[in-house]
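> need a structure here:
(chains A, B, C and D)
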2 protein chains.
Amino acid sequence: MKDVAAAAGVALKTVSRVVNDEPGVSPAMAERVAAAIERLGYRRNESARVLRRGRTATIGLVIEDVADPFYSEISRAVEDVALEHGSLVLSGSSGEDPRRERELVLTFCDRRVDGLIIVPAGSDHEYLLPELDAGVRAVFADRPGGLAEVDTVLCDNVGGARTGVAHLIRHGHRRIAFLGDSEAIFTARERLAGYRLALAEAGLPADESLITMGPESRTGAALRAMLAAPDPPTAVFTGNGRITVAALRTGHRPALVGFDDFELADALTPGVTVVAQTPGGLGRTAAELLFHRLSGGSGPAERIELPTRLIPRGSGELPP
Amino acid sequence: MKDVAAAAGVALKTVSRVVNDEPGVSPAMAERVAAAIERLGYRRNESARVLRRGRTATIGLVIEDVADPFYSEISRAVEDVALEHGSLVLSGSSGEDPRRERELVLTFCDRRVDGLIIVPAGSDHEYLLPELDAGVRAVFADRPGGLAEVDTVLCDNVGGARTGVAHLIRHGHRRIAFLGDSEAIFTARERLAGYRLALAEAGLPADESLITMGPESRTGAALRAMLAAPDPPTAVFTGNGRITVAALRTGHRPALVGFDDFELADALTPGVTVVAQTPGGLGRTAAELLFHRLSGGSGPAERIELPTRLIPRGSGELPP
DNA sequence: CTGAAAGCGCTTACAG
DNA sequence: CTGAAAGCGCTTACAG
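Have a look, this model is predicted:
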């Protein structure tokens, strides 16, 4: 910038004005400065700018795993919204490890991100307090975090699971298994609650031997064991996309409704009936809420719940 | 830092030494400073550090679309390697638009990233030259860019396609269709070349009416038209994961080998035979090469080609 | 082992 | 409309 100022024969401040499109520069002078910028190939140093201004025009995104289609769709949506607002995205995968989540968040804060979108791996977010005090804005997505004063965007987990299970009941099933993710995960617990709710509403008993909670690596064995037992389930409700896929991999094809839509759900035989949420919508909503706050939006913390949608494709309409 | 220095009763430089684990601080003093840091909740301002040091410990990643599983696996691998080297990743999706690629890259350069990993959307990378001169390191991944002096990591596109098509020929097919992505894309052209090579090696004629190049939105119609024509193909080779999925969606199940592995390829009936590349390996190799350069690794530009692997699952072993 | 001074490249606040 | 000075929070280079 100093070189540009010298080349154009003006003061530093004038170059700064031109670079930032600030008003109050005569056209002639602006022209002269622009020419010097062009000639020298000058580009503003963002680090210096950040140091002075405080805002980095960067947000941090912490998800579980970018390689998981659910989270990569969230990523894409967040990225798109950020771009619309002239921001960039630093992202990182926590791998469901609360310590890693914390580390990533704090690293992002050291880089002075303006805001954070966090898919909480843990439930304790005390560590965020000093950062929030320092002015960082945060939004929890997909799951609530441990701080009530932070905006949160979820999907209707209970309602979605309830709808899916009710659908199986309507098609005549009485013994319906629930294969969910680890109970440590909020969404897994909520969906289990929706399952129980649907059974209760239909006056059906909840047989605990038909419920398994755990990572998808254990889904296959659990399903096989249930189907081999006396009085096996005639239908299965799977608690997320990875678990649905793991269940399908077993080769068994009981009646099935899965939480989360996934690629090729319609290409299998039969097509897989799902309760679809929109990860893109989740990401977009969280990002828009964040930028709303960053541009001064005030008011109490919001808790937004996005609807789900049942998509019948065949597997959920099989008779017992 | 000033506050910490005051609180500990030492000079700024001493605090800096402690914060950066520099040698030459007496244990007693280090202790005193550490206590003050703890007490005041001090955290180093990275922007100021960057401004002074030059290095940002951040790299930029430009891919086509994070929401595409192929690229999100690359992302994850790059992120992991970056973390191992204490770096963060700014990422962006170009959407196959060369202008968007350029914009993202230059924005990343404005933020003074140390290095770039680019999946080129365009073939003209003149715009990178000034940045390279300014000291940014770059690696092209998945496709070569327009600069021979830049390190490049690819997979063996020609060899992979050749192997896949030869596999179909070995199973008795004589009329094999090729459904590839747009000819504007390097990998699509290379794979088409591999297809032609395999046919030529088997002494089979290349029937141009069996070749379609274009985005996956046109795959379904193209395949249906081919199968409805007189003398239809008995087998299909699909040029990437998205196109394979689009072909499967038609419901038709000719013999098929697809480039790229994908989730559920083994759960379909029949299982889908694929030529698998390892997106994770691509990302990891590119990132490791980048960090090697960043830590001073010299020598001429490398061009690394990763092998592919044929995975027979049924669809590629169907007879004509 | 410890520190005082200068400077990285900008923007802020103020003066003219 | 234009500019000179101070300062953002660090690190570098040098002195003691």
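> Any idea which helix or strand in chain A has the lowest mean pLDDT?
Least confident helix or strand of chain A, by mean pLDDT, DSSP states H and E, is helix A:46-53 with a mean of 84.
> Chain A: strands as residue ranges?
In chain A, the segments counted as strands under DSSP state E are A:58-63, A:88-93, A:115-118, A:137-141, A:151-155, A:176-180, A:211-213, A:235-238, A:255-259, A:273-276, A:303-306, A:309-311.
> Those: which one's closest to chain B?
strand A:88-93 (5.3 Å; C-beta to the nearest C-beta). Backbone N, C-alpha and C define where each C-beta goes, glycine included.
> For the closest one, which outside residues touch it?
Contact with strand A:88-93 is made by A:57-67, A:71, A:75, A:78-79, A:82, A:104, A:107-108, A:111, A:113, B:58, B:76, B:79, B:83, B:88-92, B:107-108, B:111, as judged by C-beta atoms under 8 Å, 6 or more residues apart in numbering or on different chains.
> go again using 7 Å as the cut-off
Applying C-beta atoms under 7 Å, 6 or more residues apart in numbering or on different chains, the external contacts of strand A:88-93 come out as A:57-66, A:75, A:78-79, A:82, A:104, A:108, A:111, A:113, B:76, B:79, B:88-91, B:107, B:111.
> Could you give the number of residues near the closest residue to DNA strand D within chain A?
DNA strand D sits closest to A:Ala11 of chain A, with a gap of 3.1 Å, by C-beta to the nearest atom of the strand. For A:Ala11, the count of nearby residues is 10 (other C-beta atoms under 10 Å in any protein chain shown).
> A:Leu40 now?
When neighbours are defined as other C-beta under 10 Å, A:Leu40 has 14 of them.
> contacting residues around it?
For A:Leu40, the contacting residues are A:Asp3, A:Val4, A:Ala7, by C-beta under 7 Å, 6+ apart.
> repeat for A:Cys155
Residues near A:Cys155 by C-beta under 7 Å, 6+ apart: A:Gln277, A:Leu282, A:Glu305, A:Leu306, A:Thr308.
> Who does it form a beta bridge with?
For A:Cys155, the beta-bridge partners under DSSP bridges are A:Leu306.
> quick one: it from DNA strand C, how far?
Between A:Cys155 and DNA strand C the computed distance is 39 Å (C-beta to the nearest atom of the strand, to the nearest Å).
> Ok, A:Gly296 next?
Separation of A:Gly296 from DNA strand C (C-beta to the nearest atom of the strand) stands at 16 Å.
> Near DNA strand D, which residues of chain A? Just list them.
Residues of chain A lying near DNA strand D by C-beta under 7 Å from any atom of the strand: A:9-14, A:17, A:23-26, A:28-30, A:48, A:51-52.
> Just the buried ones from these?
Using 16 or more other C-beta atoms under 10 Å in any protein chain shown as the burial test, the residues of chain A next to DNA strand D include A:Val10, A:Thr14, A:Arg17, A:Val25, A:Ala30, A:Leu51 as buried.
> Okay, helices next: where are they in the stretch 1-150 of chain A?
In the stretch 1-150 of chain A, the helices defined using DSSP state H, counting those that start in this stretch lie at A:2-8, A:12-19, A:27-40, A:46-53, A:69-84, A:98-110, A:129-133.
> Packing partners of the fourth one?
Just to be clear, that refers to helix A:46-53. Counting by 3 or more C-beta pairs under 7 Å, 6 or more residues apart in numbering or on different chains; DSSP states H and E, the packing neighbours recorded for helix A:46-53 are helix B:46-53.
> tilt between the helix it packs on and helix B:12-19?
Helix B:46-53 and helix B:12-19 are oriented at 110 degrees to each other (axes from the mean of the first three to the mean of the last three C-alpha atoms, to 10 degrees).
> how many degrees apart are helix B:46-53 and strand B:88-93 in direction?
Here the directions of helix B:46-53 and strand B:88-93 differ by 100 degrees (the same axes, to 10 degrees).
> residue contacts, the residue of the stretch 1-150 of chain A found nearest DNA strand C?
Residue of the stretch 1-150 of chain A nearest DNA strand C, by C-beta to the nearest atom of the strand: A:Met1 (2.8 Å). When contacts are counted by C-beta under 7 Å, 6+ apart, A:Met1 is found next to A:Leu12, A:Val15, A:Ser16, A:Tyr42.
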